[in-house]
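*Asks:* Build the 3D model from these lines:
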Amino acid sequence: GLMVVVAGGPWAPRAAAGIDLSDTPMFTRILPPPANIMFLLDDSGSMNFEILVTGQYDGSFPNPDKSAADLAIDPHGFCYLFDDVGDNVYKSYSQPDWYAGQEGRKLWQTQYYQTNAMYYNPNVTYAPWPSYGSVTFTNADADTPRSHPVNGSYTLDLEGTSYTVGTVNVPHARYVVYSASQSTHYLVVLDKASSSKKYYTFTVTGSGLAGKFSALTLESSPPADALSGRGYSEERQNFANWFTYYRRREFVAKNALAHVIKGLSQVRVGIYGINKKVVLPLADVNVTQGAVVSDATNTLLEKLYPYQSAGGTPLKGGLKTTGSYFRDNTGTLDTKTGPLPYGTAADGASCQQSFTIILTDGYYDDLGTTLDGNSDGDNGAPYADAHADSLADIAMYYYETDLNALSNQVPKNKYDWATHQHMATYAVAFGVSGTLNPADYDADFRHKITKNLIQWTVPSSSYKPEAVDDLWHATVNGRGKFFNAGNPMALTSALNE
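*Replies:* The predicted structure is shown next:
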């Protein structure tokens, strides 16, 4: 995982006889400043979506009724499963095709977590977001949960009818599970009138993702492997918590990032949204210097939670911004000012490490962003390719460039042998895949079957899967790690690794 080294020089201080040592050991005074960790957040509009289907355009759920002519204009399927209660970025009057509506919600796989990774998964316990300072996040209202944990007062009535199949009005509080023992899917309704969970088997018209509920049959004794182990009220509470705290892609990212920040110590953390919806220069997280603890965790979470994602996906520009933030060393990120990323040699800054961790749900669209041409072209395998100004080139530029005139004493590890001040690049791709699968390649980046060396790709236009190949390549050039998180829980564990 991410290794933060706090080691001084290659020597250890000795206590000479007869010298009265203070309570603070001498070597703590010459520890390098805390490592710099910049989180580069994708705050593009798609992070507001409630749907994530791997392999589909922008992660949307294909609308089987959309004509080829309409798809040519806008390839999106459904992006929102629930109607807008008032705080969606994209409104139904401007993007009506992006809303499933009652008819679209009859597509049974929209409410099945194995297909729509954002949807409620009964195997997961959904806890409120991490609290901070005097702000405590509590369980959502089990009947009318808030649409957003901190912004506005919009709520959804979970008893409202989501859609109707035959004579059954299915409420918003429902989900699909699979029983392996019966080889059958069940629609589970959290029925308030009877305070019980009702299990229905169902028939479907259409196939694959176009399959729609056509009839429901109440099942009085569902199989054990379709049960979650929760009673009705526990399940309803868990569903409400999911709705308020995890329904949108950005909610999952914020929860994961907040947990990571709260678990860190002896580091500095900053956050840069590629659309500048959140811009936070580096700040101490649980840093102990002598007897003083400096901790900006509360401020970071206070600013992280409210922002609303909107805009495109200028990821290359974002990585360029974080790299130049380290190199320029003015302490200014966009228009916000904080401490200098690199201090002085007297502070021990010559040993200081700098990391950027990219978190994105999609494919970048700023193909025109340039920096220094084909920065990795002269690096040999597995770094080099023939492409110029890719995301990987930007990562290589800020890896190879000595970002500060300090002496070169950055500690090495087995992945990163550079001792000059440089930026290492890590990335977590959330719910998207490229054309290259990391699992197909060995540690030397040779294909496990063909033994051929990897051939890196770059996208030819916006929103192409090759952008994720380039993201992986950026982490190789930046001597970091690449994680592909297919669902919300995998996102949290990848960031914690």
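
*Asks:* Output the below-cut-off pLDDT ranges for this structure.
*Replies:* Applying pLDDT under 70 to the chain flags residues 1-32.

*Asks:* And the helices in it?
*Replies:* 68-73, 101-104, 232-246, 249-263, 297-304, 315-328, 391-400, 466-477, 488-496 (DSSP state H).

*Asks:* and the shortest one, how far from the chain's centre?
*Replies:* By that I understand helix 101-104. Between the centre of helix 101-104 and the centre of its host chain there is 28 Å, according to CA atoms, centre = their mean, to the nearest Å.

*Asks:* Check which helices and strands it sits against.
*Replies:* Here helix 101-104 touches strand 161-165, going by 3 or more CB pairs under 8 Å, 6 or more residues apart in numbering; DSSP states H and E. All C-beta atoms are positioned from the backbone trio N, CA, C, and that covers glycine.

*Asks:* May I see the helices of the chain arranged in CSV, with mean neighbour count and distance to residue 371 as well?
*Replies:* Formatted as CSV, those follow (neighbours: other CB atoms under 10 Å; distance: least, CB to CB, whole Å):
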stretch, mean neighbour count, distance to residue 371
helix 68-73, 10, 34
helix 101-104, 15, 42
helix 232-246, 21, 36
helix 249-263, 22, 26
helix 297-304, 18, 28
helix 315-328, 23, 6
helix 391-400, 27, 5
helix 466-477, 26, 12
helix 488-496, 19, 27
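
*Asks:* could those go into CSV alongside distance to residue 412?
*Replies:* Formatted as CSV, the helices of the chain follow (distance: least, CB to CB, whole Å):
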stretch, distance to residue 412
helix 68-73, 51
helix 101-104, 54
helix 232-246, 39
helix 249-263, 25
helix 297-304, 29
helix 315-328, 19
helix 391-400, 13
helix 466-477, 17
helix 488-496, 24
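
*Asks:* just so I know, which of those lies nearest residue 383?
*Replies:* helix 466-477 (5.3 Å; CB to CB).

*Asks:* Restricting to C-alpha, output the closest one in PDB.
*Replies:* Presented in PDB, the C-alpha positions along helix 466-477 are these (Å, rounded to 0.1, in the frame of the first residue of the first chain):
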ATOM      1  CA  GLU A 466      -8.400   4.000 -23.300                       C
ATOM      2  CA  ALA A 467      -8.400   6.800 -20.800                       C
ATOM      3  CA  VAL A 468      -8.400   4.200 -18.100                       C
ATOM      4  CA  ASP A 469      -5.400   2.500 -19.700                       C
ATOM      5  CA  ASP A 470      -3.700   5.800 -19.700                       C
ATOM      6  CA  LEU A 471      -4.600   6.200 -16.000                       C
ATOM      7  CA  TRP A 472      -3.000   2.900 -15.200                       C
ATOM      8  CA  HIS A 473       0.000   3.900 -17.200                       C
ATOM      9  CA  ALA A 474       0.300   7.100 -15.200                       C
ATOM     10  CA  THR A 475       0.600   5.100 -12.000                       C
ATOM     11  CA  VAL A 476       3.300   3.000 -13.500                       C
ATOM     12  CA  ASN A 477       5.200   6.000 -14.600                       C
END
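
*Asks:* packing partners for that helix?
*Replies:* Here helix 466-477 touches helix 315-328, strand 354-360, helix 391-400, strand 423-430, strand 482-485, going by 3+ CB pairs under 8 Å, 6+ apart.

*Asks:* Mind doing that once more with 7 Å?
*Replies:* When contacts are defined as 3 or more CB pairs under 7 Å, 6 or more residues apart in numbering; DSSP states H and E, helix 466-477 packs onto helix 391-400, strand 423-430.

*Asks:* ok, residues contacting the last one?
*Replies:* This means strand 423-430. Here strand 423-430 makes contact (CB atoms under 7 Å, 6 or more residues apart in numbering) with 2, 249, 253, 323, 326, 354-361, 395, 398-399, 403, 416, 468, 471, 474-475, 478-485, 491, 494-495.

*Asks:* Let me know whether residue 156 touches residue 143 as I believe.
*Replies:* No: in this structure, residue 156 is not within contact of residue 143 by CB atoms under 7 Å, at 9.6 Å.

*Asks:* The two: who's more crowded?
*Replies:* Legend: neighbour count by other CB atoms under 10 Å for residue 156 and residue 143, higher for residue 156 (21 against 14).

*Asks:* Leaving out the residues flanking it, which one is nearest to the more buried one?
*Replies:* residue 85 (5.3 Å; CB to CB, 6 or more residues apart in numbering).
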